[in-house]
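1. model this:
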Amino acid sequence: MVRSKAPGKKQQKKGIDFKKIKRKLGRKLPPPKNATNTEIKSQAIVLPEQSVGAEKSGLATSKKGLTLNELLKQTSHHNAKVRKNALHGIKDLLEHNPAELHSLKYAIIDKLRERLSDDDKSVRDTFYLLFDSKIFPSCAEDNQGPMVSLLMPYIFKAMAESSVDVRLMAFKFFHLVVKHYPPTFSLYADKILENYKDIIQKNHFYVQDRSKLNVALSGLAHCLSLLPCDESDSESQKEKETLLAYEQDAAKESSRFAHVSGRLKEIVGVLISCFQDFIPLIHTPGGFDEKSFSCLHHILCSIGHAIKFSIRVHIQRQTMWLPAPEDDTLMLLDQNIAPILSKKLLGSFPLNPENNLSGKVDERYFILNSVLAEIFLEVSDWSHLHTDLCNRFLISRSNGQRKTIPKPIHEKTLLALLPSVPKLILRMDSDWTENLLQAFTITFNDCKPESPLTLACISVVRNVIIPNGDIHYLSASDPTVNNYKSAWVNKLPSLLNQLGDKHPSSSQAVLKLLLDLGRVGCLNASPTFEEDIIKFFNPCSQGEGDVSGGAFARLPREAQDLALSFLYYFSINNFSSPLLESIVSCCLYPQLEPAVLYRIVEVVHNAYRDGYIQITDHLSFLISLIARFKVVPEKGQLAMECNEQETYRGTLKALTDRVRSYLSKMGDGSLVLQILEKVLFEQINLKPGLDNGCAILRIICTLDSKPTSLSESSITTLSEYLPGYLIDIVKCIPEDKENSSLYNQTCLYYLVPCYFLFERSSKLTEEVLKRMQSTVSENTKALESDQDRESGRNSLDLIQSVVSVVLLMHNDVKVRKIISSSKSEIDLILQSVISLQSSGSTSLTVEGKHMMKMAGERLKIASNSLLT
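-> Sure thing, here's the model as predicted:
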């Protein structure tokens, strides 16, 4: 039976409370009908230039548009990359805007110094490069003291960090500071050395990476190299610190390193222990690498600097009688340092590998052994080292690997070892002494003049021959030693010529040594010695030109003074005629300073006065100098045609006065004139120039007496020379009508010697006037005959010059009396002049006749006045 379906339930209709509205997403609901309106209406406030770009206008920015202030803030950002980029941005900004650094350097450093202890290695490296490439070089000329005072607290803080890398960066950065401002080390020496000792002593970090150890060792070696190990280092360091350090620091410079001796002992002990750690590596078959070599080299150099400083302080205290503190004894005598220095350091000499190595590694061993040898030489002066150790050092140095070592390295090594040669020569046995002398002689002969070895060798020669400035002939009875010393001395003049004027400091050192050798009587000169001295003053031989000053004339004044002082001592046994001729040629060199010329003449005269030069040689020197001196540099040019500044007339006048003074002090003037008469009148016969002739005449007047002591032949020579000399005066000195007093004064300088000679010899006056009258007569006849205009003009000028000479003589009251006895000759001159006024010669122009008329009138007045 099919079951019937149940009837379905009827759904009940429910009431609708509200209608649901489907809204799209993102649409805002309308406000409710009862919402309160909270909108506020107001006028807009307009502020001009409210953009970021407008705020940066006129400011320096980096490539990314950031200002310096923004970049400095970013250096403290929590992100390391941002800090690094900020440092790069600062570098870029400072490169394009250097003025920012100069005006804000303290603010920049104050902010950047925090990055020295940064946790990120790349940030620390960027910080270092910024200071190395930009900040320190740009502030090199500024006072860096305040900058350093800002940096040092942070450097010390970084040196105490637990991170080894941060500490190493602190030492690396301090090394950079010292490079740019060396006084930094002296200001903080004790604390710096303590930190260096601490980081080197805790050497666990460099077992795997020796480059880290090298960072500390290189900075330590540089700092210790600044210690004043000798007087020159002390003076230079003192000068730098006085100029650059603060005033309060400069006031304490005398004690700047007073308390580091004890710290240096600790440093040396630590360095020797560190050196011992490298010993197994040194003797390995493969040798050591570049990093290990650099560490070893810095260790040895640091020890050497510390020992030298300790010795200097000890010597200084002994010299000044200063008591030393109990803990501040000489390092080499310290009970804790001396044994390890002798056994662990010097006892390892020589450093040799176990097999043959390449050239590069061989150079490294040579350099290290050389530094060890230098330390040995310093220590051996104060400590009694074992004989076996001394022999090992001497054998190693005598069998040096010179042929396998590059020349620059070998020279650098020699520079360090040469200062010890004098001490070795004084202390060694005779067998070793001869080997050492021979080796040094070879080195001295082989070194080039411009090489620094030259100065070092000169210092050795000085200390061997003149120890401590006293006369001391080392092994004077040993001819071998004396032969070596003679060879060194004889090389010095040739070295002077090789140096020339291109290396004045080296030339000055050679001259100082020659002077000191002359003072102690060690100038055993050979023939080549004198030849080289002659070339030094004048390299040109006779006949090749004699106005070259040689190297002497071009050296600085201080070197020239040394050379002239040496010349005095050299003249004791070696003043020959060729040498005097060379000195005369040097004096005639146009570029020679007048003061140097006067000094040369003074030295030569002093050598004569003390009996080192013969009187004939000395007189020949003086007269040659006066006669050959050139007032005008260029040939064929008259002195009066040049300005006073273009001539050497003033120099010749001063020189003449000195020569006259020297001659007047040599003895009786008549006797000196008798010796000089032949030489003087030989020069007059050569018709010298106006100024030279005047100088010679002045010398004659100085030595002559009244009445004259000149011979008849000399009077004849003068009567032939003086007319032309007097005519040259009026020809060469143009008459200045506007300033007649100056003209008369100038003429008087040249006329005065003639006036003295006229006063002392009436015969000379008469002969001179006769020759002038004869000259006028001859030229009058020539004018009356038919001549070309040029010849007529010359004759007319000559007659006019004679008339001018007579008038100048007439103007002087004393000379007027002298020439009155020869009035007849003056009247004949007047007649010749008057005859020309009415001459019908074609060669005499109207202007010429007028000139003769004026001259005749003036001469007539002068002639009439002679009657009264």
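
2. State the distance from the residue lying closest to residue 686 once chain neighbours are set aside to residue 603.
-> Spatially, and ignoring its direct neighbours in sequence, residue 686 is nearest to residue 627 (7.6 Å; Cβ to Cβ, 6 or more residues apart in numbering). To be clear about C-beta, it is placed using only N, CA and C from the backbone, and glycine gets the same treatment. Here the criterion is Cβ to Cβ, to the nearest Å. By it, residue 627 lies 20 Å from residue 603.

3. do residue 291 as well
-> 60 Å.

4. do the same with residue 632
-> Taken as Cβ to Cβ, the span from residue 632 to residue 603 is 27 Å.

5. what does residue 521 give?
-> Residue 521 is 18 Å from residue 603, by Cβ to Cβ.

6. Give the buried residues for stretch 490-507.
-> Applying a neighbour-count criterion of 16 or more other Cβ atoms under 10 Å, one finds 490-500, 503-504, 506-507 buried in stretch 490-507.

7. just checking, which of these belong to helices?
-> In this view, the buried residues of stretch 490-507 that belong to helices under DSSP state H are 490-499, 504, 506-507.

8. from these, which two are the most distant?
-> 490 and 504 (22.7 Å; Cβ to Cβ).

9. In space, what's closest to residue 691 - neighbours in sequence excluded?
-> residue 631 is the one closest to residue 691 (Cβ to Cβ, 6+ apart), at 4.5 Å.

10. do the same with residue 812
-> residue 755 (6.6 Å).

11. List the contacts of that neighbour.
-> Taking Cβ atoms under 8 Å, 6 or more residues apart in numbering, we find residue 755 in contact with 809, 812, 814, 815, 818.

12. In the residues you listed, which residue is surrounded by the most others?
-> Of all the contacts of residue 755, residue 809 has the most neighbours under the rule other Cβ atoms under 10 Å, reaching 22 neighbours.

13. Now do that residue against residue 692, distance only.
-> From residue 809 over to residue 692 (counting by Cβ to Cβ), the distance is 22 Å.

14. now do residue 834
-> 37 Å.

15. More neighbours: the two, which one.
-> residue 692 (21 against 16).

16. Find the nearest non-adjacent residue to the more buried one, please.
-> Closest to residue 692 by Cβ to Cβ, 6+ apart is residue 627, at 5.7 Å.

17. Equivalent analysis for residue 67, please.
-> With Cβ to Cβ, 6+ apart, the residue lying closest to residue 67 is residue 59, at 5.0 Å.

18. Helix or strand with the lowest mean pLDDT in the protein?
-> Lowest by mean pLDDT, DSSP states H and E among the helices and strands of the chain is helix 247-250, with a mean of 39.

19. Quick check: next helix or strand after that helix?
-> helix 261-282 (DSSP states H and E).

20. so what secondary structure elements neighbour the helix or strand that contains residue 625?
-> In this assignment (DSSP H and E), residue 625 forms part of helix 615-628. Identification of packing neighbours for helix 615-628 by 3 or more Cβ pairs under 8 Å, 6 or more residues apart in numbering; DSSP states H and E yields helix 577-587, helix 594-609, helix 649-664, helix 669-685, helix 690-703.

21. what's next to the first one, contact-wise?
-> Contacts of helix 577-587 with the rest of the structure, by Cβ under 8 Å, 6+ apart, involve 530, 533-535, 537-538, 540, 542, 546-550, 552-553, 567, 592, 597, 600-601, 604, 613, 617, 620-621, 624-625, 628-629.

22. Against residue 610, how distant is residue 343?
-> Residue 343 is 60 Å from residue 610, by Cβ to Cβ.

23. Residue 702 touches residue 663, doesn't it?
-> Yes - the pair residue 702 / residue 663 is scored as a contact, 6.5 Å apart, by Cβ atoms under 8 Å.

24. and the longest helix anywhere in the chain, how far from the chain's centre?
-> In the chain, with assignment by DSSP H, the single longest helix is helix 290-319. The chain centroid and the centroid of helix 290-319 are separated by 29 Å, computed with Cα atoms, centre = their mean, to the nearest Å.

25. Number of residues surrounding the closest residue to residue 777 other than its chain neighbours?
-> Among residues not flanking residue 777 along the chain, residue 832 sits closest, at 5.7 Å (Cβ to Cβ, 6+ apart). Residue 832: 23 surrounding residues under other Cβ under 10 Å.

26. Make CSV from the helices and strands packed on helix 615-628 and add mean pLDDT to it.
-> Listed next are these as CSV, based on pLDDT from 0 to 100:
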stretch, mean pLDDT
helix 577-587, 88
helix 594-609, 93
helix 649-664, 92
helix 669-685, 90
helix 690-703, 93
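
27. Out of those, which gets nearest to residue 226?
-> helix 594-609 (40.2 Å).

28. Buried residues of the closest one, list them for me.
-> Neighbour counts using 16+ other Cβ under 10 Å place 596, 597, 599, 600, 601, 603, 604, 605, 607, 608 of helix 594-609 among the buried residues.

29. And stretch 163-181, by the same measure?
-> 166-175, 177-178, 180-181.

30. pLDDT weak spots in the stretch 401-550 of the chain?
-> Applying pLDDT under 70 to the stretch 401-550 of the chain flags the ranges 401-406, 427-431, 467-478, 525, 541-549.

31. scratch that, the stretch 251-400 of the chain
-> Filtered on pLDDT under 70, the stretch 251-400 of the chain yields the residue ranges 251-258, 285-287, 318-336, 347, 352-361, 380-400.

32. Go ahead and name everything in contact with stretch 459-466.
-> 418-419, 421-422, 425, 440, 444, 472, 474, 485, 488-489, 492, 509, 513, 516-517, 520, 522.

33. Going through those residues, which ones are buried?
-> Neighbour counting with 16+ other Cβ under 10 Å marks 418-419, 421-422, 425, 440, 444, 474, 485, 488-489, 492, 509, 513, 516-517, 522 as buried within those.

34. distance between stretch 505-515 and the chain's centre?
-> 14 Å.

35. How about stretch 592-601?
-> So, by Cα atoms, centre = their mean, the centroid of stretch 592-601 is 22 Å from its chain's centroid.

36. First-to-last residue distance for stretch 444-454?
-> 7 Å (Cα to Cα, to the nearest Å).

37. quick one: buried residues of it?
-> Those would be 444, 447, 449, 451, 453, 454, for stretch 444-454 by 16+ other Cβ under 10 Å.
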